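Enquirer: Dropping a prediction and its sequence here:
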Amino acid sequence: MGFSPMGEIAVRLAERISDRSIYLVRLTVEDPEVGDVGQHFLLILPVYVGVGMSPAGSAPAHDEAPQHIEQRWRTAFESSAIGITMADLAGRFFAANSVFRNMLGYTESELYELTYLDVTYEEDRKTNQELVGELMEGKRQHFQIEKRYCRKDGTLVWVRNYVSRVPGMGGVAPFWFAVVEDITQRKEEESARSYTEEKYRVMVETASDAVICLDESSAILLANPATTRVFGYDPTELIGKPLTMLMPEFLRKLHEGGFKRYLATGQRHINWQGTELIGLRKNGQEFPVEVSFGELIQDGHRVFTGFIRDISERKQAEEIRKQAQKAIQTTQAELARVSRLTTMGELAASIAHEVNQPLTAVNNNSSACLRLLANERLQPDVLRRALEEIVADGTRASAIIARIRTFIKKAPAEKNRLDVNEVIGEVLAMMGHGFEENRIVLKSELAQALPPVLGDRVQLQQVLLNLIMNGVEAMTAIVDRPRLLWVQSRIDESGDVLIAVRDSGTGLGLEADSVFTPFFTTKANGMGMGLSISRSLIDAHGGRLWTTPNSPHGAVFSFTLPVPAGSPS
């Protein structure tokens, strides 16, 4: 009996060992799918044949006792590394080696009470019965099946069965002969691999990004359904086409050159993770994309997988966000200007006094000069001094007005290197009469040789003026102790310039955490924006503005300004 050498059993009657028709049989199992090509094993099988059915060329072995032959067969049968079983044509087992019994967990006596269908998993019975039916009908001489057996403990074991029908001979009924290979481990590995493959297939097919696989020639091997939404192409339209058809013209040469260089040297011309490029839709529209690529080497060939995300909406959102931020900055600048105007309204009396002093001096000196001229008592030295004072007072008034105009004008922020002490001096000069009018004792403690800071002079003046005026107002109700205001400047522990305004007023109490909240105010007619705007301005300078209680009375408002790199400490 000969069988196909690939994936089935080749059974050859090698020699007849005795006249009791017991033969040594060689079984060869060859299966390229599981890597067992050329695996051979020996067993001794009792084949009952009639008289005159000996294979040609075989000779009776009259010199070997029957019990020795039987023992020889049993040893080979039981020592086989693979399961072997026999069953009558009704399917009931009548012989099985220990490998098969252990595979199913039954004892020999328990197994002989069962048929092959009793131990075959229910879902596999129909296929098994159909193949057995074809053997019975003579349509085939043997078959191979992969199925599941139900073990005695209820668990399943995957097997590959090689089944042949041994014909009846010499009064012995025909029977089924099967070689059984346990393939549970391979099936589990296949199942795990199949699950992984299916999982990634689902991920690729349901991904919202376009997923494209390329070969070493940059030809497209695979495209997922999202490619249609992103590029407008059906995936079948892209298979075999170059990746460059998804790029605008100006990128194609760059890609081709960079891809060839990578294959030759391994040097990438772009970052393969999250790089922003320009894609080209089927309708010719260019749009922004974010590209990430990975590489896999399989069977000596490189396969590249790319994830391409349409970021048009994200780019539009970024542009809208930029425009909104610009609008917010414009609004903040306008609010700051309104705050400055409000502050200047509160300073009107002090400003009038500051401007009135030099103007009064100009009028007095001018009147003196006119009297000298009217009396014809021209004294050149007296006249010169009067005129010099007129010029000095006029310059002083002009400077005050210029500072006020600069402070309230609508102009973009302009950061320059500034001397903080100089800015403090300008604000204190602006507030001069306000201190006298409110009986404020001013103390300034300004550290010398402070490094310059980078900032907008007007904005820093606004912050200082707001903090000083808040301190003055906090002390207007104080009548039982001195009204003291300290303005300090120094270098703090982190190396930044620190400015502090300290008053001896009523303090903030429980309201300290709320004073920087927009529209929160403790003043009857306040806007509640001064400190909020001041903090925003300091934040924009890279500094920090905060408040702490003063001891024994009042509050301290402090802010820092970073020193630019390279400035002397």
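Expert: Happy to help now that I have it.

Enquirer: For V166, see how far away the closest residue to F143 other than its chain neighbours is.
Expert: With sequence-adjacent residues excluded and distances taken as Cβ to Cβ, 6 or more residues apart in numbering, F143 is closest to L131, at 4.3 Å. In this view, the C-beta of every residue, glycine as well, is placed from N, C-alpha and C. According to Cβ to Cβ, to the nearest Å, L131 and V166 sit 16 Å apart.

Enquirer: Likewise for S366?
Expert: S366 is 141 Å from V166, by Cβ to Cβ.

Enquirer: Between these two, point out the one with more neighbours.
Expert: V166 (19 against 15; other Cβ atoms under 10 Å).

Enquirer: Find the helix or strand that A500 is a member of.
Expert: Assigned by DSSP states H and E, A500 falls within strand 497-503.

Enquirer: Quick one: distance of that strand to the chain centre.
Expert: A distance of 44 Å separates the centroid of the chain from that of strand 497-503, by Cα atoms, centre = their mean, to the nearest Å.

Enquirer: And that strand, what does it pack against?
Expert: If you count contacts as 3 or more Cβ pairs under 8 Å, 6 or more residues apart in numbering; DSSP states H and E, strand 497-503 packs onto helix 420-430, helix 457-474, strand 484-491, strand 555-561.

Enquirer: To S98, which of those lies closest?
Expert: Of all the helices and strands packed on strand 497-503, it is strand 555-561 that lies closest to S98, at 86.2 Å by Cβ to Cβ.

Enquirer: Would you give the sheet partners of that closest one, along with the direction of each?
Expert: strand 497-503 (antiparallel), strand 544-549 (antiparallel) (DSSP bridges).

Enquirer: Now tell me what touches that strand from outside.
Expert: By Cβ atoms under 8 Å, 6 or more residues apart in numbering, the surrounding residues in contact with strand 555-561 are 420, 453, 455, 460, 463, 467, 470-471, 474, 492, 494, 496-503, 505, 507-508, 512, 534, 538, 541-550.

Enquirer: Now list the buried members of the residues you listed.
Expert: Burial by neighbour count, judged by 16 or more other Cβ atoms under 10 Å, picks out 420, 453, 455, 460, 463, 467, 470-471, 474, 496-503, 505, 507-508, 534, 538, 541, 543, 545, 547, 550 from the contacts of strand 555-561.

Enquirer: could I get the strands paired with strand 555-561 as a markdown table with distance to P358 and mean pLDDT?
Expert: Shown next, in a markdown table, are the strands paired with strand 555-561 (distance: least, Cβ to Cβ, whole Å; pLDDT from 0 to 100):
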| stretch | distance to P358 | mean pLDDT |
| --- | --- | --- |
| strand 497-503 | 28 | 95 |
| strand 544-549 | 34 | 91 |
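
Enquirer: Present the ones you listed as JSON lines; the columns should include distance to A173.
Expert: Listed next are the strands paired with strand 555-561 as JSON lines, based on distance: least, Cβ to Cβ, whole Å:
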{"stretch": "strand 497-503", "distance to A173": "108"}
{"stretch": "strand 544-549", "distance to A173": "100"}
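
Enquirer: which of the residues in the strand ranked longest in the chain are buried?
Expert: As assigned by DSSP state E, the longest strand anywhere in the chain is strand 286-298. Neighbour counts over strand 286-298 (16+ other Cβ under 10 Å) mark P288, V289, E290, V291, F293 as buried.

Enquirer: so which one among these has the lowest pLDDT?
Expert: In terms of pLDDT, the lowest of the buried residues of strand 286-298 is F293, showing 86.

Enquirer: ok so, going back, check the buried residues of strand 286-298 and tell me the two furthest apart.
Expert: Spatial extent of these (Cβ to Cβ) is set by the pair P288 and F293 at 17.0 Å.

Enquirer: in its sheet, what does the longest strand of the chain sit against?
Expert: Here strand 286-298 is paired, per DSSP bridges, with strand 275-280 (antiparallel), strand 301-310 (antiparallel).

Enquirer: Same list, these, but as CSV with distance to W158 please.
Expert: Putting these into CSV (distance: least, Cβ to Cβ, whole Å) gives the following:
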stretch, distance to W158
strand 275-280, 47
strand 301-310, 31
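
Enquirer: wait, isn't V159 in contact with R151?
Expert: No: at 11.0 Å, V159 and R151 do not qualify as touching, with contact defined as Cβ atoms under 8 Å.

Enquirer: between these two, who's got more neighbours?
Expert: V159 (24 against 14).

Enquirer: Tell me the bridge partners for that one.
Expert: In this entry, V159 is beta-bridged to K147, D182, by DSSP bridges.

Enquirer: show me the contacts for it.
Expert: The neighbourhood of V159, defined by Cβ under 8 Å, 6+ apart, consists of G83, M103, E146, K147, R148, Y149, V180, E181, D182, I183, T184.

Enquirer: how far away is the first one from A96?
Expert: Applying Cβ to Cβ, one obtains 8 Å for the distance of G83 from A96.

Enquirer: ditto for the third one
Expert: In this structure, E146 and A96 are separated by 19 Å, where distance is defined by Cβ to Cβ.

Enquirer: Tell me which of those two has more neighbours.
Expert: A96 (22 against 15).

Enquirer: Excluding sequence neighbours, find me the nearest residue to R481.
Expert: Closest to R481 by Cβ to Cβ, 6+ apart is S504, at 6.6 Å.

Enquirer: Might one say that that neighbour is in contact with T476?
Expert: No: using Cβ under 8 Å, S504 is not in contact with T476, being 11.9 Å away.

Enquirer: So between those two, which is more surrounded?
Expert: Shown here are S504 and T476; by other Cβ under 10 Å, S504 has more neighbours (23 against 13).

Enquirer: Quick one, grab the pLDDT at the more buried one.
Expert: According to the prediction, S504 has pLDDT 91.

Enquirer: residues contacting it?
Expert: If you count contacts by Cβ under 8 Å, 6+ apart, S504 has them with M475, I478, R481, P482, R483, L484, L485, N550, H553, G554.

Enquirer: switch to 7 Å and redo it
Expert: Listed by Cβ atoms under 7 Å, 6 or more residues apart in numbering, the contact set of S504 reads M475, I478, R481, P482, R483, L484, N550, H553, G554.

Enquirer: The helix or strand hosting Y195: how far from the chain's middle?
Expert: Assigned by DSSP H and E, Y195 belongs to helix 184-206. Relative to its chain's centre, helix 184-206 lies at 25 Å (Cα atoms, centre = their mean).

Enquirer: next one: stretch 132-151
Expert: In terms of Cα atoms, centre = their mean, the centre of stretch 132-151 is found 54 Å from the chain centre.

Enquirer: just stretch 274-288 next, same as before
Expert: Distance of stretch 274-288 from the chain centroid (Cα atoms, centre = their mean) equals 22 Å.

Enquirer: Any idea how far apart the tips of it sit?
Expert: The first residue of stretch 274-288 is 12 Å away from its last residue (Cα to Cα, to the nearest Å).

Enquirer: Just the buried residues of that stretch, please?
Expert: Result for stretch 274-288 [16+ other Cβ under 10 Å]: buried residues L277, G279, L280, P288.

Enquirer: Ok, stretch 161-180 next?
Expert: Within stretch 161-180, the residues that qualify as buried are N161, Y162, V163, S164, R165, V166, F175, W176, F177, A178, V179, V180, counting by 16+ other Cβ under 10 Å.
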